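Enquirer: Take this sequence and fold it.
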Amino acid sequence: MKLRLVLFSSLLFSSFLSLSVNSQQAQKAQLKLTTAVRAHATKAAMPEFGPNVLIFYPSMRPEAIQKKIDAVYATQQHNEFGQQRNALLFLPGDYSVDVPVGFYTEVIGLGASPDATRIAGNVHADANLQHNNATTTFWRAAEGLSIKPAGGTMQWAVSQAVSLRRMHVRGDLVLHQNRGWASGGWMSDSLVDGNVDSGSQQQWISRNCDWKSWTGANWNMVFVGIVHPPEGAWPSPPYTKVARTPVAREKPFLQVNAAGEFSVRVPALHSDSWGITWRGGETTGQTIPIGRFYIARPDVDTAETINVQLAQNKNLILAPGVYELTAPIRVTRPHTVVLGLGFATLRPMKGTAAMTTADADGIEIAGLLFDAGPSESPVLLELGPQESRAHHVKDPITLHDVFFRVGGAGVGRAKVNLRINSNDTVVDHTWIWRADHGDGVGWELNTSENGLVVNGNQVTIYGLFVEHHQQFQVLWNGNGGRTYFYQSEIPYDPPNQASYTSAPEVNGWASYKVADGVTTHEAWGLGVYSVFIYPQVSLTHAIETPKSPEVRFHNMITVALGDHGAINHVIDDTGEATAIQPRVTPKVTHFP
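Expert: Have a look, this model is predicted:
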């Protein structure tokens, strides 16, 4: 109780310090506020997030905060396939610390606005490999923070499954480390006072952001709803710019008010938008008290205990850790919020799904890693049952920073990773990965047919990363689908062409397949890459679509890497073949 009272009083007092009152006034204010906090103490309780969540507050000594941050990073710096998961939460106020962000680490400011939690020092992601190579700098996140970086520049050298959300960078931002390799990332609802330099990033998506300027281009850079998009257009530089975001909802986030009460803010759905949501101070939406959430912990809970709480109309927070499940988590109530902290990981152990949902309005699922288990799952996450028919255009099911993995941490198997049956679903950043390295990796070991199957109509996806699955990476059966940014490496490891043939005289399986019966579909900014490790294996089409004037694609590129194979066409029979020596990277601007 004593620690909690000090925490709450520090939170409240920090706002007074920011007004530059003199020392005597501050002491009187602190005494008054401490008295007020004691009155709140019987009403507000610290949530039991478990040992993998660290909560920092402004009156803590910077040295004490730094010691805890460094201890987490010592474990997570190179812990690519480890079991540890961490969330670092900063209550509103001022801090002077350096925050390196390692694997499975999420750094969160707890204010209603990013400007409420101010770090003078740095928050940074560094290349995981030698030679400034960030191509395996995965699974980390920062959100809800204002950063004044030491030296004026924040470094965020990352690749897949990494997000920046609700950030204010009071300086410049670089998305690479000394121009070493980096392979893509996500930034949304963020403000950068200076320049963003993508540098050697192969691809990137930014949605609803604002910055002074942007420099850098490589293969595929996508900008949706950006206030100051860079000049130039596809194919040189390879910029895809969409002026307005047609429909989106920002990720739910934890916040703490002046009374020390925790809640979850669920942002409102916005249409035809551009720029950040918190320009006026707060993001519009609904606030759900923490008491309406069940906080699950991997050392305590099972699918059964979680489902009991969901059936009692609780929302769900999953504390950091790995949850080994013997049955699916079932989300059935409309408007249920499921929020993972610190890359909480769901691993089905008995050949079931990890999570399923009803075909219901307004379900939100955010911040989770679905990791296939040793027995083959028919699907890891399924949104709505098959043959779902309801319409959700005014209140869609939404996914944010939801990631999938088959293999890498051990043998994993799944037929389909993510299957979307519900109409009008919005996906806001996902990486769906069949591992190409790590443990349990091989053509007959970490088996996975499809990364994503879309059966619902009017489904919209921003930031779609899908890689290495053994048949279609994406199979889109529904009408009215929209994709803004697509990045895909086809599988490295087909042992021969006979193992990788989808139809007579069609080598391989197209990365992005729009089914023959679809009549309306549109996609912007797509990159498909090959890295075949065995000779005499190739892919005929990177993208396959039916012939329809309402099926349209914009700004596509293919690249062949490594020493073997090629992609013969970009989309259907359009676009020349890739080549390795000399490097040929075919581009198609519009199709048809």
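Enquirer: Retrieve the pLDDT associated with K43.
Expert: In this model, K43 is scored at 42, pLDDT.
Enquirer: swap in I580?
Expert: For I580, pLDDT reads 88.
Enquirer: and the helix or strand harbouring E449, which strands flank it?
Expert: Using DSSP states H and E, E449 sits within strand 448-454. Looking at strand 448-454 with DSSP bridges, its partner strands are strand 414-420 (parallel), strand 474-476 (parallel).
Enquirer: Format the CA atom coordinates belonging to whichever helix or strand comes after it as PDB.
Expert: Once the chain leaves strand 448-454, the next helix or strand it forms, by DSSP H and E, is strand 460-467. What follows is strand 460-467 as a C-alpha-only set of coordinates in PDB (Å, rounded to 0.1, in the frame of the first residue of the first chain):
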ATOM      1  CA  THR A 460      -9.500  -3.800 -45.200                       C
ATOM      2  CA  ILE A 461      -5.800  -4.500 -44.200                       C
ATOM      3  CA  TYR A 462      -3.000  -2.000 -43.600                       C
ATOM      4  CA  GLY A 463       0.500  -3.300 -43.200                       C
ATOM      5  CA  LEU A 464       0.200  -7.000 -44.400                       C
ATOM      6  CA  PHE A 465       3.500  -8.900 -44.000                       C
ATOM      7  CA  VAL A 466       3.200 -12.700 -44.900                       C
ATOM      8  CA  GLU A 467       6.200 -14.900 -45.500                       C
END
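Enquirer: roughly how far out does strand 460-467 sit from the chain middle?
Expert: 10 Å (CA atoms, centre = their mean, to the nearest Å).
Enquirer: about what we covered before: next one: the strand holding E449 to chain centre, how far?
Expert: Offset of strand 448-454 from its chain centre (CA atoms, centre = their mean): 18 Å.
Enquirer: With stretch 81-97 instead?
Expert: 17 Å.
Enquirer: list the buried ones in stretch 567-579?
Expert: I567, N568, H569, V570, I571, D572, T574, G575, A577, T578 (16 or more other CB atoms under 10 Å). (Glycine included, C-beta is placed from N, CA and C.)
Enquirer: Please apply the same query to stretch 273-291.
Expert: S273, W274, G275, I276, T277, W278, E282, T283, G285, I288, I290.
Enquirer: Stretch 387-396 too?
Expert: S388, H391, H392, D395, P396.
Enquirer: Quick check: the last one is in a helix.
Expert: What it means is P396. No. Per DSSP: H, G, I helix; E, B strand; the rest coil, P396 lies outside any helix segment and is coil.
Enquirer: Find the residue closest to it in space, skipping its chain neighbours.
Expert: D424 (4.4 Å; CB to CB, 6 or more residues apart in numbering).
Enquirer: count of neighbours near the one you found?
Expert: Residues lying near D424 (other CB atoms under 10 Å) number 21.
Enquirer: I'd guessed it sits against G384; true?
Expert: No. With contact defined as CB atoms under 8 Å, D424 and G384 do not form a contacting pair (10.4 Å).
Enquirer: any residues in contact with both of those two?
Expert: I397, G456 (CB atoms under 8 Å, 6 or more residues apart in numbering).
Enquirer: that older thread, is it possible to get JSON lines of the buried residues of stretch 387-396 that adds distance to I317?
Expert: Listed next are these as JSON lines, based on distance: CB to CB, whole Å:
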{"residue": "S388", "distance to I317": "26"}
{"residue": "H391", "distance to I317": "29"}
{"residue": "H392", "distance to I317": "23"}
{"residue": "D395", "distance to I317": "21"}
{"residue": "P396", "distance to I317": "22"}
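Enquirer: Spell out the secondary structure type for E304.
Expert: Per three-state DSSP, E304 ends up helix.
Enquirer: wait, I meant A74
Expert: helix.
Enquirer: residue contacts, it?
Expert: For A74, counting by CB under 8 Å, 6+ apart, there are no contacting residues.
Enquirer: quick one: it from G102, how far?
Expert: 9 Å (CB to CB, to the nearest Å).
Enquirer: Residues contacting stretch 283-295, please?
Expert: 47-50, 112-113, 166, 189, 250, 255, 261-268, 277, 306, 309-310, 314-317, 319, 337, 339.
Enquirer: Tabulate the buried residues of stretch 567-579 (TSV), appending distance to V459 and secondary structure.
Expert: Shown next, in TSV, are these (distance: CB to CB, whole Å; DSSP: H, G, I helix; E, B strand; the rest coil):
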residue	distance to V459	secondary structure
I567	26	strand
N568	29	strand
H569	26	strand
V570	23	strand
I571	20	strand
D572	22	coil
T574	25	strand
G575	26	coil
A577	31	coil
T578	29	coil
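Enquirer: Pipe those into JSON lines and attach distance to G152 per row.
Expert: Shown next, in JSON lines, are those (distance: CB to CB, whole Å):
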{"residue": "I567", "distance to G152": "41"}
{"residue": "N568", "distance to G152": "47"}
{"residue": "H569", "distance to G152": "46"}
{"residue": "V570", "distance to G152": "40"}
{"residue": "I571", "distance to G152": "43"}
{"residue": "D572", "distance to G152": "48"}
{"residue": "T574", "distance to G152": "45"}
{"residue": "G575", "distance to G152": "42"}
{"residue": "A577", "distance to G152": "45"}
{"residue": "T578", "distance to G152": "40"}
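Enquirer: elements contacting the helix or strand containing R405?
Expert: Secondary structure from DSSP H and E places R405 in strand 398-406. Strand 398-406 makes packing contacts with strand 364-371, strand 377-383, strand 414-420, strand 426-434 when contacts are defined by 3 or more CB pairs under 8 Å, 6 or more residues apart in numbering; DSSP states H and E.
Enquirer: Minimum distance to C209: which of those strands has it?
Expert: strand 426-434 (13.3 Å; CB to CB).
Enquirer: Tell me the buried residues in that closest one?
Expert: Buried residues in strand 426-434, counted by 16+ other CB under 10 Å: V426, V427, D428, H429, T430, W431, I432, W433, R434.
Enquirer: Identify the residue spatially nearest to the second one, adjacent ones excluded.
Expert: When you say that, I think you mean V427. In space, V427 is closest to I461, 4.2 Å off (CB to CB, 6+ apart).
Enquirer: ok, how many other residues are close to that neighbour?
Expert: 24.
Enquirer: Also A150?
Expert: Neighbours around A150, by other CB under 10 Å: 14.
Enquirer: do the one 5 residues further on as well
Expert: Q155 has 22 neighbours, counted by other CB under 10 Å.
Enquirer: Equivalent analysis for T501, please.
Expert: So T501, with other CB under 10 Å, has 16 neighbours.
Enquirer: And it, how close does it get to L539?
Expert: 10 Å.
Enquirer: repeat for G410
Expert: When G410 is compared with L539 (using CB to CB), they lie 29 Å apart.
Enquirer: Which one's more surrounded, those two?
Expert: L539 (28 against 18).
Enquirer: so who does that one touch?
Expert: I490, N507, G508, W509, A510, S511, S530, G565, A566, I567, N568.
Enquirer: Backbone dihedrals for it, both of them.
Expert: Main-chain torsions, L539, degrees, to the nearest 10: phi -120, psi 130.
Enquirer: can I assume R179 is in contact with H131?
Expert: No. Checked against CB under 8 Å, the pair R179 and H131 is beyond contact range at 10.6 Å.
Enquirer: Which residue of the two possesses the greater neighbour count?
Expert: Neighbour tally, R179 and H131, criterion other CB under 10 Å: the higher count belongs to R179, 14 against 9.
Enquirer: Please name the residues that touch the more buried one.
Expert: N132, G199, S200.
Enquirer: Tell me who's in contact with the first one.
Expert: With contacts defined as CB under 8 Å, 6+ apart, the neighbours of N132 are A157, H176, Q177, N178, R179, G180, W181.
Enquirer: Spatially nearest residue to it, not counting backbone neighbours?
Expert: G180 (2.5 Å).
Enquirer: do you know how far the residue nearest to the spatial centre of the chain is from A120?
Expert: The residue lying closest to the centre of the chain (CA atoms, centre = their mean) is D401, at 2.7 Å. Between D401 and A120 the distance is 27 Å, computed by CB to CB.
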